[in-house]
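[1] need a 3D model of the sequence below.
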Amino acid sequence: MGYFKSNRQTENSRNNNSTVVQKDKSNSSEKSSSSNSNSYSESSSSSEKETSDNSEKLSVSTLTNKQNAASILVYGALKADVPLFKGNYELSLKNSQLYVSLVKLNDDETEADETPILYELAPGQMDSSCGYKLGRNREVYFYSQVKNTPGFSRIGATTQDEIVDYINSHHLVDKVNEIANNTVVNGE
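    The predicted structure follows:
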């Protein structure tokens with residue numbers, strides 16, 4: 001968690017009225033750009049693994065839902081070095097699968113700067129322990145379960161632009177696509 005400038009926590013437990021929904025693919029590409037005021041520090045994690053150089057690059061405007069989920073997982077694991085993201089990343093590669101559950105939240109479970117959907121990530125058909133929410137201006141808010149706390153808590157933030165820049169500059173596009181090709185999004 002040392003890579004996060006923001007360590008604000010919110011408790012977001014699902015109640016019986018929460019529903020699973022499918023994300024509108026246009027949401028990711030129609031957002032305006034935002035500042036990087038809540039981005040990660042520039043220091044690198046010792047666990048970063050660069051893959052072979054490739055000419056393919058990701059673009060925020062053309063990311064699929066699956067690529068977006070995979071890129072957020074890779075960034076959370078390698079750049080931010082968040083243990084739950086790292087564990088899910090390693091298991092996703094080992095099991096060749098990533099499941100994304102889209103959970104519609106009530107207003108009291110959502111911060112003003114977030115969309116009301118929690119994207120829960122799991123490296124197979126098991127309970128998720130980490131996830132993310134998207135902001136209204138291309139922000140990405142990282143969430144994980146905190147011991148002895150119900151639901152998920154916000155553990156940090158960055159932007160989709162920062163994530164894509166990191167993936168491209170560290171030659172991780174193949175890793176993102178490998179995970180994305182084995183991703184199941186509930187509702188798709």
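
[2] what segments of the protein are strands?
    Along the chain, the stretches classed as strands by DSSP state E are 19-20, 98-104, 117-122, 130-134, 139-145, 152-159, 183-185.

[3] closest to Ser59 out of these?
    When these are compared by CB to CB, strand 152-159 sits nearest Ser59, at 13.9 Å. The way it works is simple: take the backbone N, C-alpha and C, and place the C-beta from them, glycine included.

[4] list the helices and strands that closest one packs on?
    Applying 3 or more CB pairs under 8 Å, 6 or more residues apart in numbering; DSSP states H and E, we find strand 152-159 packed against strand 130-134, strand 139-145.

[5] distance to Lys66 and mean pLDDT added to those strands, as CSV?
    What follows is the helices and strands packed on strand 152-159, written out as CSV (distance: least, CB to CB, whole Å; pLDDT from 0 to 100):
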stretch, distance to Lys66, mean pLDDT
strand 130-134, 14, 95
strand 139-145, 15, 94
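
[6] among these, which is nearest Glu162?
    Evaluated with CB to CB, the helices and strands packed on strand 152-159 place strand 139-145 nearest to Glu162, the distance being 8.3 Å.

[7] which neighbouring elements make contact with the closest one?
    Here strand 139-145 touches helix 65-78, helix 83-95, strand 130-134, strand 152-159, helix 160-169, going by 3+ CB pairs under 8 Å, 6+ apart.
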